[in-house]
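A.B. asks: coordinates only, sequence not included:
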């Protein structure tokens, strides 16, 4: 990244430390060399995270999500909710089903959601929290 002043150099170093997990994943996913100045970084960040300039994702985005081999429930859950938050419509029933289907068949949480289904996103989040520490 081209740095044009001491102040800009400091901002470039401090910027990542101010990000939450979702924004940090975005920041770490930037292609090397795709940002050439702090102003460009600010524009990219704002276009991605400032609400009024964001384009929502279609519901289909959730349908392709699945827990990856070796991925923890926490990581899968974080990715899932990040995508869920990009969808503007209310599809609780689809959200609950797609999350469950994205889990491996033998995963304890999937078994729990099959045996004792949840009816909305909040119940799903509570159930996920109960299973996160189990792996």
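C.D. replies: Received it, and whenever you're ready, just let me know what you need. All figures in this text were calculated on a predicted structure; none of them were measured in a lab.
A.B. asks: got the domain boundaries for the protein?
C.D. replies: Residue ranges for each domain of the chain read 6-53, 60-134, as given by automatic domain parsing.
A.B. asks: Just the pLDDT for residue 60.
C.D. replies: For residue 60, the pLDDT comes out at 75.
A.B. asks: Ignore what I typed, I meant residue 78.
C.D. replies: 89.
A.B. asks: quick check, distance from the helix or strand where it lies to the centre of its chain.
C.D. replies: According to DSSP states H and E, residue 78 maps onto helix 73-84. How far helix 73-84 lies from its chain's middle: 5 Å, per C-alpha atoms, centre = their mean, to the nearest Å.
A.B. asks: residues in contact with it?
C.D. replies: Here helix 73-84 makes contact (C-beta atoms under 8 Å, 6 or more residues apart in numbering) with 21-22, 25, 57, 61-62, 65, 67-68, 95, 99, 102-103, 107, 109, 121, 125, 128, 131-132, 134-135. Quick note: C-beta positions are derived from backbone N, CA and C, even for glycine.
A.B. asks: What helices and strands are in contact with the next helix or strand after that helix?
C.D. replies: Counting by DSSP H and E, the next helix or strand C-terminal to helix 73-84 is helix 92-102. Judged by 3 or more C-beta pairs under 8 Å, 6 or more residues apart in numbering; DSSP states H and E, helix 92-102 is in contact with helix 60-63, helix 73-84, helix 108-115, helix 121-131.
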